[in-house]
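S.K.: Got a predicted structure plus its sequence, pasted below:
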Number of protein chains: 2
Amino acid sequence: MVTIKDVAKAAQVSIATVSRVVNNGPKVGESTRRKVLGIMEQMGYTPNANARALATKKNSTLGVVIPELTDPFFASLANGVELVARQNDMQLLLSTGQLSAQTELQAIQLLIEQRCETIVVHSKKLDDATLLGLANKVPGLVLIDRHLPAIEHRCVWLDNLEGGKIAARYFLSLQHTNLACISSHYEIDDPRLRLQGFKQTMAESGHPIDDRLIVSNEPSLKGGELAAQQLLAKGQDFSGVFAYNDAMAIGAISVFEDNGFKVPGDISVVGFDDVLLSRYSRPKLTTLHYPIQEMAENAARLSLSRNTGDNIKDVKYKYIPTLVKRESVSSV
Amino acid sequence: MVTIKDVAKAAQVSIATVSRVVNNGPKVGESTRRKVLGIMEQMGYTPNANARALATKKNSTLGVVIPELTDPFFASLANGVELVARQNDMQLLLSTGQLSAQTELQAIQLLIEQRCETIVVHSKKLDDATLLGLANKVPGLVLIDRHLPAIEHRCVWLDNLEGGKIAARYFLSLQHTNLACISSHYEIDDPRLRLQGFKQTMAESGHPIDDRLIVSNEPSLKGGELAAQQLLAKGQDFSGVFAYNDAMAIGAISVFEDNGFKVPGDISVVGFDDVLLSRYSRPKLTTLHYPIQEMAENAARLSLSRNTGDNIKDVKYKYIPTLVKRESVSSV
DNA sequence: TTGAAAGCGATACCAT
DNA sequence: ATGGTATCGCTTTCAA
């Protein structure tokens, strides 16, 4: 690889001068600038980002850690961060936690080794204390989809409780009073909060959820199918179900239909997340929109601003999901 | 950040010694090793990957560039590369080309700036010459989903032509003779090859495809819907359609059904790629499996081996798609 | 406007 | 088994 030294020699100037033109530094004679630029071009010089990071103690990388890449929800999250990276001519460092606390931690540590200062993490397995410790070491670290009051101004999160309430209010507005819930294991707070909001609003309306109508399973299509089977097996009556996420909702719908129940005719279903899939399932899924990409962009910018010191306007920390009415719900 | 110097001072040894214990170097007294390790731990020392890269001229990063992150197909590709990165304790550098030649080029250039030597790229917009030039500069660069004879041993690709033939043979085996095709614009070679293979086999069987039954659109669900409408509008008769990819196939199916055609009863549909979506569409999509994740892992390992010099066994360059029979095809 | 030189944090060769 | 030190490629004072 050709280095700054090679360029300097070829251009018969000092490396300091070359450095200046590379960085559009001030005070460089127009003629020398041209000459150096020319040589750089013809020698195919590319500055070494590592050396630069070493010298400046500043890194042009933006890190993101997500549970897994193949989940479209997280892909959208990563996409938001990548967008911001590209806008700032930074390189994206991406790691997955693979649903393991240890791997998640390693992923973040690897980022720290790279001296990446701008980091957005969606942790699924790390506990609050560990996260707090990490946040303490890395001032630029920002949490997404998690709300730790101790570092509130570094968390970008969705109000899951409110999401549950919105779903409940929607069902109520359509005269549904006998509802079931499909929740999820293996998650930190989200399922609990969504369920809690839902139950709370239903209870307040005088139609509390029957505990027998709350089943939970893994948060996937398969899990949704199994949950629906559990629900059906109980022989209880219900006119609608609130599912933890779109995948489970769609899995459940397929089981309902396979068993002769029309959706939404016999059973209405509301999902959560509004992933792409929900737009192409049949019937199209009514769900709560989780603006994950926007949140991710915002989190990335927040993280960035914490390092640059730029005062960023309009930092939004808390998001509220919005109801997207499609075809999986009808009035009772 | 605490540096190797700080640790050396605190441990009252030379930085050379600290370096040795960090790298599990040979010839370090057990007692000093312990002492240094202790200090490192208590000071929270993390080696600086940038400095290390500078000194060793070796980078612990693995780069991947894909067109976009939100396409599940590319997410799987990235996932394969990420897996290999994690297995080798390397950090993944991910960039997207955003379907623009310029952005694709920038993405690769950014990787070069980082002195990333191990790169897997799926280029959608860069022409052969540019790619060849890049490959020439970066010995570790490996192309995926593209076949350039000039650098054959650095290309991991799928035989699209054969894929088209397989689809045709399958239709023929079920007595379908009157077939339509939904192809795609905006792609480099894939659509052409898939279509060519399909047409070729059909023609050889004595049932050439009617050119009026070949429509193309953008390779998305939306594009599939539009293509299906075009097809329907022609008023031609056909009992099956071979779609460029799963997204288009699923979009087409929804239009067919909305217009009263049963799939597969009235129209059979075969997709391509076997993305997750195809398993959850209704009817479940019959499609050609594109082992993209496996190919990506393989490509990443190939790239890695080109740098380490390790002789890697079983490098597979060319993959053949396999037919996955699900529910969107029936005999005529 | 330009150059010389001191780091940045680590590695690795050469001594001891 | 340890230490000293040149070096990696670049940025950034400080002088000239």
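M.R.: Now that the structure is in, tell me what you want to look at.
S.K.: where exactly do the helices run in the stretch 51-200 of chain A?
M.R.: Along the stretch 51-200 of chain A, counting by DSSP state H, counting those that start in this stretch, helices occupy A:72-87, A:101-113, A:128-137, A:160-173, A:190-204.
S.K.: Of these, which stretch is the most buried?
M.R.: Sort the helices of the stretch 51-200 of chain A by mean neighbour count, taking mean count of other Cβ atoms under 10 Å in any protein chain shown, and helix A:72-87 sits at the top with a mean of 24. C-beta here means a position set from N, CA and C on the backbone, and glycine is covered the same way.
S.K.: of all the helices of the stretch 51-200 of chain A, which lies closest to residue B:146?
M.R.: Checking these against residue B:146 by Cβ to Cβ gives helix A:72-87 as the closest, at 22.0 Å.
S.K.: does chain B sit close to that closest one?
M.R.: Yes - using Cβ under 8 Å from any Cβ of the partner chain, we find that helix A:72-87 touches chain B at A:72, A:75, A:76, A:78, A:79, A:82, A:86.
S.K.: orientation of that helix relative to helix B:101-113 in degrees?
M.R.: 80 degrees (axes from the mean of the first three to the mean of the last three Cα atoms, to 10 degrees).
S.K.: Convert helix A:72-87 to PDB, retaining C-alpha atoms only.
M.R.: Taking Å, rounded to 0.1, in the frame of the first residue of the first chain, the C-alpha atoms of helix A:72-87 are listed here in PDB:
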ATOM      1  CA  PRO A  72     -36.400  -8.200   9.900                       C
ATOM      2  CA  PHE A  73     -37.100  -6.100  12.900                       C
ATOM      3  CA  PHE A  74     -33.400  -5.900  13.700                       C
ATOM      4  CA  ALA A  75     -32.400  -5.600  10.100                       C
ATOM      5  CA  SER A  76     -34.500  -2.400  10.100                       C
ATOM      6  CA  LEU A  77     -32.800  -1.200  13.200                       C
ATOM      7  CA  ALA A  78     -29.400  -1.900  11.700                       C
ATOM      8  CA  ASN A  79     -30.500  -0.200   8.500                       C
ATOM      9  CA  GLY A  80     -31.300   3.000  10.400                       C
ATOM     10  CA  VAL A  81     -27.900   3.100  12.000                       C
ATOM     11  CA  GLU A  82     -26.200   2.300   8.700                       C
ATOM     12  CA  LEU A  83     -27.900   5.200   7.100                       C
ATOM     13  CA  VAL A  84     -26.500   7.600   9.700                       C
ATOM     14  CA  ALA A  85     -23.100   6.100   9.300                       C
ATOM     15  CA  ARG A  86     -23.100   6.600   5.600                       C
ATOM     16  CA  GLN A  87     -24.400  10.100   6.000                       C
END
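S.K.: Need the helices of the stretch 51-200 of chain A in CSV (columns: distance to residue A:246 and mean pLDDT).
M.R.: As requested, the helices of the stretch 51-200 of chain A are exported to CSV (distance: least, Cβ to Cβ, whole Å; pLDDT from 0 to 100):
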stretch, distance to residue A:246, mean pLDDT
helix A:72-87, 9, 97
helix A:101-113, 24, 97
helix A:128-137, 27, 96
helix A:160-173, 13, 98
helix A:190-204, 13, 97
